[in-house]
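Colleague: fold the stuff below for me.
(one chain, ligands or ions: 1)
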Amino acid sequence: MSTTAAADPFGSAKELHEVLARLRRESPVTEMPLPNGATAWLVTRYEDAQRALGDPRLSKAVSASGVNYRNLVPPEVGEAVTRHMLATDPPDHTRLRRLVSSAFTARRTAALRPWIEELAERLLDEMAGAEQVDLLDAYAYPLPIQVLCQLLGVPVEEQADFRGWVSAIVAGPMDVRAWPPAITAMVGYIGELLERKRRQPGDDLLSALLAVRDEGDRLTDDELTSMVYLLLIAGHETTANLIANGMLVLLAEPDRWARVVAAPELLPGVIEELLRYEGPVQAASFRTTLEPVELGGQLIPAGASVLVSLASANRDPARYAEADQLVLNRPAVPNLAFGHGIHYCLGAPLARLEAQVAFRALARRFPGIRLAIPVDEVVWRPSLLIRCLTGLPVTLNG
Ligand code: HEM
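Modeller: Purely as a prediction, here's the structure:
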């Protein structure tokens, strides 16, 4: 599939994957410049990527000098966004992950299914009748944000602000003007929300996290705020882009969508293939070497930043036959779209559930849905870590 965007720093998806393929062949662990002038070691082969993500010598708690996001956090926010599990190593990570896992259970996720199904129907009702809609705006974004609000216990009328904050925060420290105010606003809001939940607990994840905290006092205020902050950031944009990128890929060739419509029971396998082929998270978050580390025949010095390309690992021909092709009935071979090791995505079961419900509802209600523009006119947003569209115009009854 070819997609182009003048604003995309990597050029088209095809060009990006050509560059990654060359790196996998010729220079699988390579030092590359970052937009802020620092450098990071880019890991492109599946085997090396998996090894790097499981290596305790690659730290999340320590920042390399060139990629120190903590320095950019507004001082009034203090530690309230940097004490979460994706910014810690064991033993802190183990404790934080265990605490949230005791509240964010498989049962809590599975119990959301009927609620998500109703939500999908409601969003599709609102779209019905329109000649053309932006599926990203009307469906792919609102679905996960409303699910997160339901999970956490955020009143539905307060969710409107989130999208703005989250998208500024995900655009990241690369846009240093938008970042600090969005973080400050979000932290202020989380603080108020926690206060409300403390006074009036509900049957939601935030109240459960507060109970965990208040019982054993094992989560500090900063850890709790950071946890909520991470869940909101990690669970929103990612899932939205799985739905949107997935639909783009499925609609790019009409027989793909026709197969999903005819056999929706294939969806769990199709979703794994979409995650592999056009997953929303292009690269795992930066890690820092605590000591010199040999990876893929390359010695990375201590104190260096490492960026693991999940997009590249997931198309490594050493692991997948026809790695650059979308194969809807590909035999199940796990991929790295949700990461690997101790930081493996905590929300993977929820993301998979949301995607299944979202695609199934669309297939049932709008089997004739089509792209409203040629596939190569779709525009990607410039982003180093997230693979995201600027819009996905479709006609519903094509
Ligand atoms: C971690 C991907 C949805 C919560 C991760 C990581 C990846 C990832 C690649 C590892 C990052 C790293 O090692 O640097 C995705 C994708 C999603 C998705 C592709 C959707 C398709 C969600 C959802 C939630 C969530 C829905 C929660 C509601 C988290 C958390 C972590 C994480 C808390 C950090 C885990 C830790 O540090 O132990 N995710 N994610 N994610 N994700 Fe997700």
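
Colleague: which strands and helices lie in contact with the lowest-mean-pLDDT helix or strand in the chain?
Modeller: The weakest-scoring helix or strand in the chain, judged by mean pLDDT, DSSP states H and E, is helix 160-171 (a mean of 74). Contact here means 3 or more CB pairs under 8 Å, 6 or more residues apart in numbering; DSSP states H and E; on that basis helix 160-171 packs against helix 142-152, helix 179-199, helix 221-234, helix 237-252. (Each C-beta comes from the backbone N, C-alpha and C, glycine too.)

Colleague: to residue 31, which of those lies closest?
Modeller: helix 179-199 (25.7 Å; CB to CB).

Colleague: got the angle for the closest one vs helix 221-234?
Modeller: Orientation check (axes from the mean of the first three to the mean of the last three CA atoms, to 10 degrees): helix 179-199 against helix 221-234 gives 110 degrees.

Colleague: which residues are in contact with helix 179-199?
Modeller: With contact meaning CB atoms under 8 Å, 6 or more residues apart in numbering, helix 179-199 is reached by 72-74, 76-77, 80-81, 153-154, 158, 161-162, 164-166, 168-169, 171-173, 204, 206-207, 210, 224-225, 228-229, 232.

Colleague: what residues sit buried inside it?
Modeller: 179, 180, 182, 183, 184, 186, 187, 189, 190, 193, 194, 197 (16 or more other CB atoms under 10 Å).

Colleague: who's in contact with whichever residue of the chain sits closest to the ligand?
Modeller: Across the chain, no residue is closer to the ligand than residue 347, which sits at 2.0 Å (CB to the nearest ligand atom). Residues near residue 347 by CB under 8 Å, 6+ apart: 104, 231, 234, 235, 238, 239.

Colleague: what about the nearest residue to residue 229 once chain neighbours are set aside, how many neighbours?
Modeller: Counting by CB to CB, 6 or more residues apart in numbering, residue 229 lies nearest to residue 81, which is 5.0 Å off, once chain neighbours are set aside. As a burial measure, residue 81 scores 25 neighbours (other CB atoms under 10 Å).

Colleague: list the residues that contact residue 81.
Modeller: 73, 183, 186, 187, 225, 226, 229.

Colleague: and the chain, which residues reach the ligand?
Modeller: Residues of the chain lying close to the ligand (CB under 6 Å from any ligand atom) are 85-86, 97, 230-231, 234-235, 238-239, 242, 279-281, 284-285, 337-339, 343, 345-347, 350-351.

Colleague: residue 320 contacts residue 276, doesn't it?
Modeller: Yes: here residue 320 reaches residue 276: they are 7.4 Å apart, a contact under CB atoms under 8 Å.

Colleague: of those two, who's got more company?
Modeller: Neighbours per residue (other CB under 10 Å) separate residue 320 from residue 276, with residue 276 holding more: 24 against 21.

Colleague: run the chain-centre distance for the helix or strand where the more buried one lies.
Modeller: Assessed by DSSP states H and E, residue 276 sits inside helix 267-278. Put simply, helix 267-278 sits 14 Å off its chain's centre (CA atoms, centre = their mean, to the nearest Å).

Colleague: CA atoms of that helix as CSV?
Modeller: Presented in CSV, the C-alpha positions along helix 267-278 are these (Å, rounded to 0.1, in the frame of the first residue of the first chain):
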residue,chain,number,x,y,z
LEU,A,267,-11.4,-10.6,13.2
PRO,A,268,-9.1,-11.6,16.1
GLY,A,269,-6.5,-12.9,13.6
VAL,A,270,-7.0,-10.0,11.2
ILE,A,271,-6.4,-7.6,14.1
GLU,A,272,-3.1,-9.3,15.0
GLU,A,273,-2.1,-8.9,11.3
LEU,A,274,-3.1,-5.2,11.3
LEU,A,275,-1.1,-4.6,14.4
ARG,A,276,1.9,-6.2,12.8
TYR,A,277,1.5,-4.6,9.4
GLU,A,278,0.5,-1.0,10.4
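
Colleague: any stretches of the stretch 201-350 of the chain with poor pLDDT?
Modeller: 213-217 (pLDDT under 70).

Colleague: mind doing that once more with 90?
Modeller: 208-222, 224, 229, 232-234, 236-237, 254, 332 (pLDDT under 90).
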